[in-house]
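# the following block contains a protein sequence and its predicted model.
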Amino acid sequence: MIFLRYESFRSYLRLYPVTAAIIALNLLIYISDRYILDGVLLERGFFYSEPNNNYFSLAEPWRYVTAQFLHLSISHIFFNMFAVLVFAPPLERMLGHVKYLLFYLLCGIVGNLFSAIADSSTAGAGASGAIYGVYGAYLYLALMKRSLDPDSRKTVYTILIFGILYSIFAPGIGLWAHFGGLFAGFVLAYAYDWYLIAKKKRRYNR
């Protein structure tokens, strides 16, 4: 089971520095904004789409990124950061630190983009688009590569089933951000796998 965490705190920081930094940054922003800045960061950084689906002409495009590091409540950030803490480390190890960071951010951006396309009045914040991107990468590994052990595959399927049902039926959940992140994670995992295969073939053909 690749999702069981046995590392000490120091080992976790050493092995998964990007994941640790993402968690620390999210917590720091949430605590600062809630208890010191009175919501200023949330106001300036949450994601929204313009009326009439003008999602490509968003006046403040950095919100596609900044919204990934903002949360609306203590339960919101707790569940998101717990997911990052547990499920992100194996992916960081597979991809490497830099590729993993780019993957994480891009999945969050695509999640917000899906939200803007699906609903011209959407607004929100949270890391769930990027987190579902992580799930999407594991879904690719489980379905297309069969490279996850049975327990890890079952965990991925269970999380996605409950996560999607919760996204559909619970009020105030960014359903399209979740689907967008999941789609991006799956496609990016496929693209990276294709790149590795092509690279290996070129090496053998020399």
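Right, received. Where do you want to start?
# what strand or helix carries Ala20?
Assigned by DSSP states H and E, Ala20 falls within helix 17-35.
# quick check: buried residues in that helix?
Using 16 or more other Cβ atoms under 10 Å as the test for burial, helix 17-35 gives 18-20, 22-23, 26, 29-30, 33-34. Placement of C-beta: from N, CA and C, glycine included.
# which of these lies closest to Ala191?
Sorting these by how near they are to Ala191, with Cβ to Cβ, puts Val18 at the top with 19.7 Å.
# what residues are up against that closest one?
Contact analysis of Val18 by Cβ atoms under 8 Å, 6 or more residues apart in numbering lists 92, 97, 100-101, 104.
# now do the helices in the chain.
Listed in chain order, the helices of the chain (DSSP state H) span 9-15, 17-35, 40-45, 63-66, 74-95, 97-118, 128-140, 150-169, 175-204.
# hmm, back to that, I'd like the buried residues of helix 17-35 written out as JSON lines, with distance to Arg153 and pLDDT added.
Converted to JSON lines, the buried residues of helix 17-35 look like this (distance: Cβ to Cβ, whole Å; pLDDT from 0 to 100):
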{"residue": "Val18", "distance to Arg153": "25", "pLDDT": "98"}
{"residue": "Thr19", "distance to Arg153": "22", "pLDDT": "98"}
{"residue": "Ala20", "distance to Arg153": "26", "pLDDT": "98"}
{"residue": "Ile22", "distance to Arg153": "25", "pLDDT": "98"}
{"residue": "Ile23", "distance to Arg153": "25", "pLDDT": "98"}
{"residue": "Asn26", "distance to Arg153": "28", "pLDDT": "98"}
{"residue": "Ile29", "distance to Arg153": "34", "pLDDT": "97"}
{"residue": "Tyr30", "distance to Arg153": "33", "pLDDT": "96"}
{"residue": "Asp33", "distance to Arg153": "38", "pLDDT": "95"}
{"residue": "Arg34", "distance to Arg153": "38", "pLDDT": "93"}
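# of those, closest to Lys201?
Using Cβ to Cβ, the buried residues of helix 17-35 come closest to Lys201 at Val18, 29.5 Å.
# need the contact list for the most centrally placed residue in the chain.
Centrality entry for the chain: nearest residue to the mean C-alpha point is Ala130, 1.4 Å, by Cα atoms, centre = their mean. Going by Cβ under 8 Å, 6+ apart, Ala130 touches 68, 104-105, 107-108, 111, 181.
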